[in-house]
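> Could you work out the structure for the sequence below:
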Amino acid sequence: MPTYSDEGIVLRRIDYGEADRILTVLTLEHGKIGVIARGVRKSQSRLASRTDLFTRSRMQLARGAASSMCSPRRRRSRQPRCAVTHGVQPAPRCVPS
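Numbering: from 1, shown residues only. Just a heads-up that it's a prediction; the model follows:
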């Protein structure tokens, strides 16, 4: 099974089964890809925090033989949510007079 590394942002996640998640990831070199992250919903999983929405991370992926889905082998977080929240102003608060 060939593996490759790429950097990407998690755009969508869907819970699948008891412990898996299907992710849609926008990567630099391979564009938008589907990823099956196996076991990330288990309580001991180290990859769980890296499957949050809009998290930017470096991933090592393995392409499956029978499908176009990839599965992550290793992830390393890189500045989660910084690109999304930069320049966003907070909403004004309503204070009763």
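> So which residues of the chain form helices?
82-85 (DSSP state H).
> how about the strands in it?
3-16, 20-27, 31-37, 56-63, 70-77 (DSSP state E).
> can you list those strands in CSV and add mean neighbour count?
Yep, even glycine has a C-beta here, placed from its N, CA and C like the rest. Below are the strands of the chain laid out as CSV (neighbours: other CB atoms under 10 Å):
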stretch, mean neighbour count
strand 3-16, 15
strand 20-27, 19
strand 31-37, 17
strand 56-63, 18
strand 70-77, 17
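> what's the least confident stretch among those?
Between those, the lowest average pLDDT goes to strand 70-77, which shows a mean of 57.
> For the strands of the chain, give me JSON lines that also has distance to Arg46.
Listed next are the strands of the chain as JSON lines, based on distance: least, CB to CB, whole Å:
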{"stretch": "strand 3-16", "distance to Arg46": "16"}
{"stretch": "strand 20-27", "distance to Arg46": "14"}
{"stretch": "strand 31-37", "distance to Arg46": "11"}
{"stretch": "strand 56-63", "distance to Arg46": "12"}
{"stretch": "strand 70-77", "distance to Arg46": "8"}
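> Out of these, which is closest to Ser49?
Across these, Ser49 has its closest neighbour in strand 70-77 (7.2 Å, CB to CB).
> Glu29 reaches Asp6, doesn't it?
Yes: if you go by CB atoms under 8 Å, Glu29 and Asp6 touch, sitting 5.2 Å apart.
> joint contacts of those two?
The contact sets of Glu29 and Asp6 do not overlap (CB atoms under 8 Å, 6 or more residues apart in numbering).
> what comes into contact with stretch 18-36?
4, 6-16, 37-42, 45, 51, 59, 61, 68-72.
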